[in-house]
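1. Output the structure for:
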Amino acid sequence: MAEDIPHTAPPSAVDWRRRDRASDRRDGGGRHAASDHARATDAYERLGPPPHAIADALSVQGVPKADLTPAVRRALGQLMGEIDRLRQDLDAAREGGGASFDVRERAEHLPLLGARLLERTLRLRLQAAAEGGPMPAVVFLYAGNYEAIRAREGLAAAEAVYHAMAGALVRSRGGDEVAGAIGGASAVMLVPFDGHVDRLWARARSLAQAVGAPVPWRSETLRVGVLVGVHVPRPGERPSDAFWQAEQAARRLV
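-> As a prediction, the model looks like this:
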């Protein structure tokens, strides 16, 4: 039966010395011939790991074990905690039939002007003021503890605080006042300024009190730490600069 098994032809013998001499001639008599490179490559392959060997180096989230310093471990822990909170928020939203997604709506889904339209409105009012109309003042309101709530309770809780804050600002709007948002956890009210600073600050305090009302969230109540900044634009000042000045002046009212 063994005679029935076909045998492959034996490999032909190779005269390495003759090939080495031919390689030496092709290389112009250099110091390192092809045989030298072949032997070096063979030695390197013997010393190195097998090509299909599994690496023994451990990693966490793609970070090698050698790079896992205490600071990196803390950052990874915070990241994984945030991912877990987001997953819990999504699960709660699905269980509630999608109602929880309402708290994630930003200012553009409320009756607030977006940043571009708010800037355009302020520009038009500044032009009207240059022609004798009332000067608009910028009241900047910011949820100062937004990031702290997000880190402690999750993104949905922080968005609930901002949603309640923006809604309270809209409900407090009166007369020729215009409510809008310029980004982040902030909101802006354009208030006509009649030249009385005390009256302007009284209005700013009343707005801060309205938007700073505690927000019910699940089984607890979240406090809103509101920062308030007031700025009266100067003649020729750009709207973006006026918003920036009001933001820089923002302080927590005691």
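2. All the helices of the stretch 151-254 of the chain, residue numbers only.
-> Applying DSSP state H, counting those that start in this stretch to the stretch 151-254 of the chain gives helices spanning 155-171, 197-211, 239-248.
3. what residues are up against residue 187?
-> 107, 112, 141, 142, 165, 166, 169, 179, 180, 181, 211 (CB atoms under 8 Å, 6 or more residues apart in numbering). Glycine gets a C-beta too; all of them are placed from N, C-alpha and C.
4. out of those, which one sits closest to residue 219?
-> Among those, residue 165 lies closest to residue 219 (CB to CB), at 20.8 Å.
5. how deep is residue 75 tucked in, by neighbour count?
-> By other CB atoms under 10 Å, 12 other residues sit near residue 75.
6. Got the confidence number for it?
-> The model reports residue 75 with a pLDDT of 73.
7. Ok, residue 172 next?
-> With respect to pLDDT, residue 172 has a value of 93.
8. One more: residue 18?
-> On pLDDT, residue 18 comes in at 50.
9. go on, the one 3 residues further on?
-> Note for residue 21: predicted pLDDT of 50.
10. CA atoms only for stretch 210-222, dumped as PDB, please.
-> Taking C-alpha atoms only, stretch 210-222 is exported to PDB below (Å, rounded to 0.1, in the frame of the first residue of the first chain):
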ATOM      1  CA  ALA A 210     -36.400  83.100  38.400                       C
ATOM      2  CA  VAL A 211     -33.900  80.800  36.600                       C
ATOM      3  CA  GLY A 212     -32.300  79.700  39.800                       C
ATOM      4  CA  ALA A 213     -35.300  77.900  41.200                       C
ATOM      5  CA  PRO A 214     -34.500  74.300  42.300                       C
ATOM      6  CA  VAL A 215     -35.200  71.600  39.700                       C
ATOM      7  CA  PRO A 216     -36.900  68.300  40.600                       C
ATOM      8  CA  TRP A 217     -35.000  65.400  39.300                       C
ATOM      9  CA  ARG A 218     -36.100  61.800  39.900                       C
ATOM     10  CA  SER A 219     -36.100  61.300  43.600                       C
ATOM     11  CA  GLU A 220     -34.200  64.500  44.500                       C
ATOM     12  CA  THR A 221     -34.100  68.300  43.900                       C
ATOM     13  CA  LEU A 222     -31.200  69.800  42.100                       C
END
